[in-house]
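Undergrad: Next come a sequence and a model predicted from it.
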Amino acid sequence: METMTQREFRNNFVAIMTSVENGESYVITRNGVEIADVTPHVTRRKVTKQELLEACRKLPRVDYAEMRRDIDEFFGENRLGDDDPWERAGT
């Protein structure tokens, strides 16, 4: 990515925009401080509902019982500890 001053950018605007259109990128500086990146615009393709559903179908199935065991093993079965906020709420 080429670096140029704000003045160079202003004085060569048309040529720079043409090169950006062709894929080039620039960093613009003012008083030696980087203030902007000039890069080609990226158009993002939207995913359709059907494509999203198809991708989700390809995901591995979750074994919730195994996940629960892993959570209990990691955190312990008494995850609330001695200070249960639901018990405190009534007092």
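TA: It's in. Quick caveat: nothing in here was measured; it's all calculated off a predicted structure.
Undergrad: Strands of the protein, residue ranges please.
TA: When secondary structure is read from DSSP state E, the chain shows strands at 2-5, 26-30, 33-38.
Undergrad: Of all these, which one comes closest to residue 74?
TA: Of all these, it is strand 33-38 that lies closest to residue 74, at 42.2 Å by Cβ to Cβ. Using the backbone N, CA and C atoms, a C-beta is placed for each residue, glycine as well.
Undergrad: Would you mind giving the strands of the chain as CSV with distance to residue 69 and mean neighbour count added?
TA: Putting the strands of the chain into CSV (distance: least, Cβ to Cβ, whole Å; neighbours: other Cβ atoms under 10 Å) gives the following:
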stretch, distance to residue 69, mean neighbour count
strand 2-5, 55, 12
strand 26-30, 52, 16
strand 33-38, 48, 11
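Undergrad: how about CSV for those, with distance to residue 17 and mean pLDDT added?
TA: Formatted as CSV, those follow (distance: least, Cβ to Cβ, whole Å; pLDDT from 0 to 100):
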stretch, distance to residue 17, mean pLDDT
strand 2-5, 13, 96
strand 26-30, 10, 97
strand 33-38, 8, 97
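Undergrad: which stretch among those strands comes nearest residue 44?
TA: By Cβ to Cβ (comparing all of the strands of the chain), the closest turns out to be strand 33-38, at 17.8 Å.
Undergrad: Return the list of helices and strands in contact with the closest one.
TA: The elements that strand 33-38 packs onto, with contact taken as 3 or more Cβ pairs under 8 Å, 6 or more residues apart in numbering; DSSP states H and E, are strand 26-30.
Undergrad: mind exporting the strand it packs on as CSV, just the C-alpha atoms?
TA: As requested, C-alpha coordinates have been extracted for strand 26-30 and formatted as CSV (Å, rounded to 0.1, in the frame of the first residue of the first chain):
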residue,chain,number,x,y,z
TYR,A,26,-3.2,4.2,-0.6
VAL,A,27,-2.6,5.6,2.9
ILE,A,28,-3.1,9.3,3.1
THR,A,29,-1.1,11.3,5.7
ARG,A,30,-1.3,14.8,7.1
